[in-house]
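Colleague: Return atomic coordinates for the entry below.
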Amino acid sequence: MNFRTIVDIPQSKIKINHRTKILMLGSCFATNMGQKLIDNKFRTNLNPFGVLYNPTSIAKGIKKLIEGKNFQEEDLFYDKGLYNSFYHHSSFSDTNKDQCLLNINSRLEKASNNLKEADILFITFGTSYVYEYLPTEEVVGNCHKLPSNDFRRFQLSITDILKQWRELILELKAINPSLQIILTVSPIRHLRDGAHDNQLSKATLLLAVNKLCETHSDTHYFPSYEIVLDDLRDYRFYTEDLTHPNNLAIEYIWQKFKETYLTKESEAIIAEWINIRKAIEHRSFNEESEEHTRFLKQTLAKLDAFGNKYKYIDLTEERERLEQRIRK
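Modeller: Numbering: from 1, shown residues only. You can find the predicted model right below:
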């Protein structure tokens, strides 16, 4: 007898290896999967605008990447001691205007270049509800805790999403004809919208994504929503807020993701890398001892051997960290 609804995911024609160039945008779920890819040394640029939730804000961010034009002072607004951008998550906000623009534009320039060369664009939609800033009548990616009466909240229709994204996909294919797009709907429930409205929101996203995949051969769907809501239908797979998947659930979805997309070669590389990564992250009780220094040098030797074996994997950050710790 089965006591679970296991979501069967067919093997994808898209195959991801450690040479694959990936750009990821969207909600917290994109962050979860993107961080898994980064931790396992895949070429991944994750959320260059920070976390974004709705299809319109994500589309506007991608259009900015296509244009490749830097943000200027007039694109920021100042509130409560911080410079902010309506295109960006609050993690980009800063007390210093120049530093804020530097952070924004450095990420934009890198992501804009990555987009032109990317093999895969991975997008996660979180909600179909948007906030329009009344003074400019523009949908924003983040309200930055401005007064609620400065905004109009409304729900995008399936037609709205399809119009935006069909045009955007054509623009993306024009600059990168070989680009493959993977769409997913975040399993994280937005209960502040109310239980019923959250269901309507997710249903709108699911229907829009399905239509996009039907009409664009290079656009595909990964069922993260179904994995959590059907397969992992139990609160033991959630954090204390009862809406976000916990580490166990994220690990399970990551396993499903690997089975769907990763090559056997990359699975083997991950298995090798895990032990080296654990050694790099290890913290000794006495980090000034000769024994610990020997351990660091042995780890550096293993890292170099790994790097010589897989020359296409960037290990610069890890090597610098080890060398710095050895010098102390």
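
Colleague: What is the burial count for residue 106?
Modeller: Using other CB atoms under 10 Å, residue 106 has 12 neighbouring residues. Where C-beta positions appear, they are placed from N, C-alpha and C, glycine not excepted.

Colleague: dump the residue contacts of it.
Modeller: Under the criterion of CB atoms under 8 Å, 6 or more residues apart in numbering, residue 106 has no neighbours.

Colleague: I'd like the numbering to begin with 20 instead of 1 from here.
Modeller: With 20 as the first residue, the last one maps to residue 125.

Colleague: host element of it?
Modeller: Using DSSP states H and E, residue 125 sits within helix 116-136.

Colleague: tell me the mean pLDDT over that helix?
Modeller: For helix 116-136, the mean pLDDT works out to 97.

Colleague: what packs against whichever helix or strand comes after that helix?
Modeller: Of the helices and strands lying after helix 116-136 in sequence (DSSP H and E), the nearest is strand 139-144. Applying 3 or more CB pairs under 8 Å, 6 or more residues apart in numbering; DSSP states H and E, we find strand 139-144 packed against strand 40-45, helix 47-58, helix 74-86, strand 199-204.

Colleague: Report the buried residues of the following helix or strand past strand 139-144.
Modeller: Next in sequence after strand 139-144, counting helices and strands by DSSP H and E, comes strand 148-152. When burial is assessed from 16 or more other CB atoms under 10 Å, strand 148-152 yields the following buried residues: 148, 149, 150, 152.

Colleague: Against residue 345, how distant is the spatially closest residue to residue 33 that is not a sequence neighbour?
Modeller: Excluding the flanking residues, the one nearest residue 33 by CB to CB, 6 or more residues apart in numbering is residue 199, at 5.4 Å. Counting by CB to CB, to the nearest Å, the separation of residue 199 from residue 345 is 41 Å.

Colleague: between the two, who's got more neighbours?
Modeller: Neighbour count, other CB under 10 Å: between residue 199 and residue 345, residue 199 has more, with 20 against 14.

Colleague: That one bridge partners, please.
Modeller: residue 139 (DSSP bridges).
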